[in-house]
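A.B. asks: I need the structure of the sequence given here:
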Amino acid sequence: MRRRAWLLRVGGAAVIATSLVFDASPLALLAVLFVLVVPFERLFPRHQQPFRRQRLLQDVGYALAQPAFAAVGVFVGAIIGALSLFWLPGLATRPIVESLSPFTQTIVAFVIFDFLIYWAHRWSHEIPLLWRFHALHHSIERMDWVSAFRNHPIDGIILAPPVAFLIGAGVPLETTGALAVLQALVGIFLHANVRWRLRPLQRLIITPEFHHWHHANDTEAINSNYSVFLPLWDIIFGTWFMPEDRRPERYGIDEYVPPTMVGQLAHPFRGLRSCRLSRSGGRRRRDEPSRSANA
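C.D. replies: Take a look at the predicted model:
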């Protein structure tokens, strides 16, 4: 057992090293984000936790492995985007989109992207096949900026159908790419261990408070707050959850997640043939009882 665990850790280190050989930019990105975000986490912490908290090095490893994960995500995402046929309704709306001014086109693309990502994110919770991969991100038990990088590369394909729609609609690739990058950067801020509530903005834009509730291992908060930029969609579709009298205290999921990176990356593929595309086996709903053990 120890030898297997050692081999899995070596495998994870090999993934990170291979990724950095091809692209060392994550080192610079981590340094910049560390300087920009960590001081706020230390000065205004939501939860008091040691700087070198549990699984910190693993999450840093996920951050360093992003070039390799991105390559996998782009390859699989291109296939999924084509097979999703989302580019067909995009083609149907292209004459309308192309008639808009560049500024209006960007605003429309932003709103459509946000709306589609809301549903893609929601389905990643409600559809068992998608939840298998998204569960890794929700295994986070200590929320901070670097925890945002703990994602399965296949989980990123939820961006594929929205991107396919925008490309089909004739939205410039630069705008589409910028929206995807902005979504990733905003996600880092939303995971930050800061205590700011930003109450005046809570119904206008998503805040760390909003997203921390999304990650909360709290029966009432399960399957809520899916929006990426605008909480409008959660308000409209009944998944908004922002209680005034308390704050999220416990994060993570009750499902088993392997302790090593390689184990985590392989885990969603176990028993994949028996997984069914129904909504009954995703993350439990808010009206279902919470299990007692925390992974």
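A.B. asks: so Asn120 sits right up against Pro162, yeah?
C.D. replies: If you look again at residue 120, you'll see it is Ala, not Asn. Yes - look at Ala120 against Pro162 with CB atoms under 8 Å: they come within range, at 6.4 Å. Every C-beta, even on glycine, is put in place using the N, C-alpha and C of the backbone.
A.B. asks: Can you name the residues that contact Arg247?
C.D. replies: Contacts for Arg247 (CB atoms under 8 Å, 6 or more residues apart in numbering) come out as Arg46, Glu209, His212.
A.B. asks: separation between it and His212?
C.D. replies: Separation of Arg247 from His212 (CB to CB, to the nearest Å): 8 Å.
A.B. asks: Check the contact lists of those two and give me the overlap.
C.D. replies: In contact with both Arg247 and His212: Arg46, using CB under 8 Å, 6+ apart.
A.B. asks: okay, now Gly252: neighbour count?
C.D. replies: For Gly252, the neighbour count with other CB atoms under 10 Å is 17.
A.B. asks: Setting aside sequence neighbours, what's the nearest residue to it?
C.D. replies: Glu141 (4.0 Å; CB to CB, 6 or more residues apart in numbering).
A.B. asks: where's the one you found, which helix or strand?
C.D. replies: Glu141 is part of no helix or strand, with elements assigned from DSSP states H and E.
A.B. asks: what pLDDT does it get?
C.D. replies: At Glu141, the model reports a pLDDT of 94.
A.B. asks: what does Pro258 give?
C.D. replies: 93.
A.B. asks: quick one: it from Ser224, how far?
C.D. replies: 27 Å.
A.B. asks: Looking at those two, which has the bigger crowd around it?
C.D. replies: Using other CB under 10 Å, the more surrounded residue of Pro258 and Ser224 is Ser224, with 21 against 17.
A.B. asks: what about that one, is that helix, strand or coil?
C.D. replies: Of the three states, Ser224 takes coil under DSSP: H, G, I helix; E, B strand; the rest coil.
A.B. asks: Give the closest residue to it in space, chain neighbours not counted.
C.D. replies: Phe241 (3.7 Å).
A.B. asks: List the residues that contact that neighbour.
C.D. replies: Neighbour list for Phe241: Trp213, Glu220, Ala221, Ser224, Asn225, Asp234, Arg286 [criterion: CB under 8 Å, 6+ apart].
A.B. asks: which of those sit farthest apart?
C.D. replies: Spatial extent of the contacts of Phe241 (CB to CB) is set by the pair Glu220 and Asp234 at 14.3 Å.
A.B. asks: Go through the contacts of Phe241 and say which is closest to Ala169.
C.D. replies: Nearest member of the contacts of Phe241 to Ala169, counting by CB to CB, is Asp234, at 24.5 Å.
A.B. asks: Pretty sure Gly61 sits against Pro26.
C.D. replies: No - the pair Gly61 / Pro26 is not scored as a contact, 10.3 Å apart, by CB under 8 Å.
A.B. asks: In the chain, which helix is the longest?
C.D. replies: helix 102-126 (DSSP state H).
A.B. asks: could you give the mean pLDDT of that one?
C.D. replies: For helix 102-126, the per-residue pLDDT averages 94.
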